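Undergrad: Following is a predicted model, sequence given first.
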Amino acid sequence: MDKQDLRKRLLKKTRDQIDENLSEKEVHIIRAIGLVDDLEEVTNLLKENFDEWTKRSPDERAQKMIDTLKKNQGAIEEERIELIEFIEEDMTSELPSFTHIAGVVIGARLLAEAGSKKKLAFAPSSTMQVLGAEKALFNHIKKKTAPPKHGHIFNHPLLQKLPKTKRGKAARILAGKLSIAARIDYFGKEKDESLLKEVEVKINKL
C-alpha cells in the first residue's frame, strides 16, 4: 500500500468516525464556536495594543498605521458576528430548548466542551455546571485548590446580575435545567420554553 492510498484510507476512516459520532451541524457548531473564541481573543489583544500605543502620543505616520489596523479589527469583529449568526441557526435547530436557556454562544461553548449532543444530554448537572472550568478543576485535583463552582455558565446574564454569594446556588439551578433541556433536545421532543421561566423564578427567589 503506497502513502497516497494510506492517506485516503485514513481520511475516509476519520470522516466515517465523524459521521458516526457527530451530526454535520454539531461539527459546524463546535468548529465555529472555536473560531469565535479565537477571533475574540485576537480582538482583545489588538485593542490592548492600540490603547498602549495611543498612550504614547504616536506621530502622524504611526497614527495612520494604527487607523489601518483598527479597520482590520473592525473586519474581524464583523466576521465574529457573522459566525455567531451562523451558529445560532444550527443551535436553534439542533438544540432548541437548550439554546433557549443557555443562549447561543454559551450553549455552543458547552456543546464544544462536552464533545457532542449525546454527551451533553447524558452529562449530570454537576458536570454541566463546571464545563469550561477544566483548568481550575485540574488545579483543584493536583494542587488542592478550591474546587470550581461553575464554568461557561458563569457568564450567563442571570448569574452575572447576582451578588457573588448567590451565584453558586444559581449555577446549580441553571445547570439542572440545562441538563433537562439537553435531554429533551437529544430525544427529539418539542422545544420547551417553560424551562427558562422556571429558572428565572427560582433564581429570583434566592
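TA: Everything's here; your move. Residues are numbered from 1 along each chain as shown.
Undergrad: same for the helix of greatest length in the chain, what does it pack against?
TA: Longest helix in the chain, counting residues (DSSP state H): helix 60-94. Contact partners of helix 60-94 among helices and strands, from 3 or more CB pairs under 8 Å, 6 or more residues apart in numbering; DSSP states H and E: helix 24-55, helix 96-102, helix 104-114. (Each C-beta comes from the backbone N, C-alpha and C, glycine too.)
Undergrad: Could you list the buried residues of that helix?
TA: Under the neighbour-count criterion of 16 or more other CB atoms under 10 Å, helix 60-94 has 73, 76, 80, 83, 84, 87, 88, 90, 91, 94 buried.
Undergrad: can I assume the fifth one is in contact with residue 104?
TA: Pointing back at residue 84 there. Yes - taking CB atoms under 8 Å as the definition, residue 84 is a contact partner of residue 104 at 6.2 Å.
Undergrad: Let me see the contact set for residue 116.
TA: Going by CB atoms under 8 Å, 6 or more residues apart in numbering, residue 116 touches 21, 22, 26.
Undergrad: whoops, I mixed them up, residue 126
TA: Contacts for residue 126 (CB under 8 Å, 6+ apart) come out as residue 175.
Undergrad: Could you report the distance from it to residue 118?
TA: Going from residue 126 to residue 118 by CB to CB, to the nearest Å gives 18 Å.
Undergrad: Residue 47 now?
TA: For residue 47 relative to residue 118 (CB to CB), the value is 38 Å.
Undergrad: cool, residue 109 as well?
TA: Going from residue 109 to residue 118 by CB to CB gives 17 Å.
Undergrad: How far off centre is the longest helix of the chain?
TA: Relative to its parent chain, helix 60-94 has a centroid offset of 17 Å by CA atoms, centre = their mean, to the nearest Å.
Undergrad: Then stretch 104-114?
TA: On the basis of CA atoms, centre = their mean, stretch 104-114 sits 4 Å off its chain's mean C-alpha point.
Undergrad: then it to PDB, C-alphas only?
TA: Provided in PDB are the C-alpha atoms of stretch 104-114 (Å, rounded to 0.1, in the frame of the first residue of the first chain):
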ATOM      1  CA  VAL A 104     -26.300  30.800  21.500                       C
ATOM      2  CA  VAL A 105     -22.700  31.400  22.500                       C
ATOM      3  CA  ILE A 106     -22.700  29.900  26.000                       C
ATOM      4  CA  GLY A 107     -24.800  26.900  24.600                       C
ATOM      5  CA  ALA A 108     -22.300  26.300  21.800                       C
ATOM      6  CA  ARG A 109     -19.400  26.500  24.200                       C
ATOM      7  CA  LEU A 110     -21.000  23.900  26.400                       C
ATOM      8  CA  LEU A 111     -21.600  21.700  23.500                       C
ATOM      9  CA  ALA A 112     -18.000  22.000  22.400                       C
ATOM     10  CA  GLU A 113     -16.700  21.200  25.900                       C
ATOM     11  CA  ALA A 114     -19.000  18.200  26.200                       C
END
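Undergrad: mean confidence score for it?
TA: Stretch 104-114 shows a mean pLDDT of 96.
Undergrad: Pull the contacting residues for residue 52.
TA: With CB under 8 Å, 6+ apart, residue 52 has no contacts at all.
Undergrad: Okay then, goodbye and thanks.
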